[in-house]
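> Sequence isn't available, so here's the structure alone:
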């Protein structure tokens, strides 16, 4: 698969194959109830359409709707990013703005399975910080993975803590041969 991203005479903006924007970015600003296009220059009209598209992408991202990603092995992927006479902006294959969702990597999955086998864990309780959509989503991925491995899982529960919870925490459970996995914010 060959992918090509090219920019000619760009003066600002972003030239990229993918642009990921976190949910907190406001492209059009606070008081963007009405967008007027008529009577503006061609550049201004394009900027308005880019802002509208970015707003739509942000809203879809908030609801977890993302385009399907095609998996291509690295040895078959040719990426060509070119920019000519660029005077500002970004030229890149991927642009990630803000924190991205956590993923259950093979290394983390192996560590989790090894910990469960080594300590003869019979039941796992998975809890995420209440109100944190990303933490709940990541906790759900962990629960699904453990269930697929044949582990008894309680959760995904949600809880409010007296102090900020960050990252992933594994604690011994209240019962013998159990553990509690807490998924905090990023």
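Structure's in. What do you need? From a predicted model like this one, the values you see are computed outputs, not experimental measurements.
> By mean pLDDT, flag the weakest helix or strand of the protein.
strand 14-21 (a mean of 64; mean pLDDT, DSSP states H and E).
> Starting from that strand, tell me the next helix or strand along the chain.
helix 42-62 (DSSP states H and E).
> list the buried ones in stretch 158-173?
For stretch 158-173, the neighbour count (16 or more other Cβ atoms under 10 Å) marks 165, 168, 173 as buried. (Each C-beta comes from the backbone N, C-alpha and C, glycine too.)
> Residue 108: which of those is nearest?
residue 168 (8.1 Å; Cβ to Cβ).
> doesn't residue 127 fall inside a strand?
Yes. Counting by DSSP: H, G, I helix; E, B strand; the rest coil, residue 127 falls inside a strand.
> what about the closest residue to it other than its chain neighbours, which helix or strand?
Spatial nearest neighbour of residue 127, excluding adjacent residues (Cβ to Cβ, 6 or more residues apart in numbering): residue 157 at 4.3 Å. According to DSSP H and E, residue 157 maps onto strand 152-159.
> who touches the helix or strand that residue 145 is a member of?
Counting by DSSP H and E, the secondary-structure element that holds residue 145 is helix 133-148. Under the contact criterion Cβ atoms under 8 Å, 6 or more residues apart in numbering, helix 133-148 has outside partners 64, 99, 101-104, 109, 112, 116, 124, 126-129, 153, 155-156, 158, 181, 183-186.
> about what we covered before: which ones among the buried residues of stretch 158-173 lie within strands?
With strands taken from DSSP state E, the overlap with those comprises residue 168.
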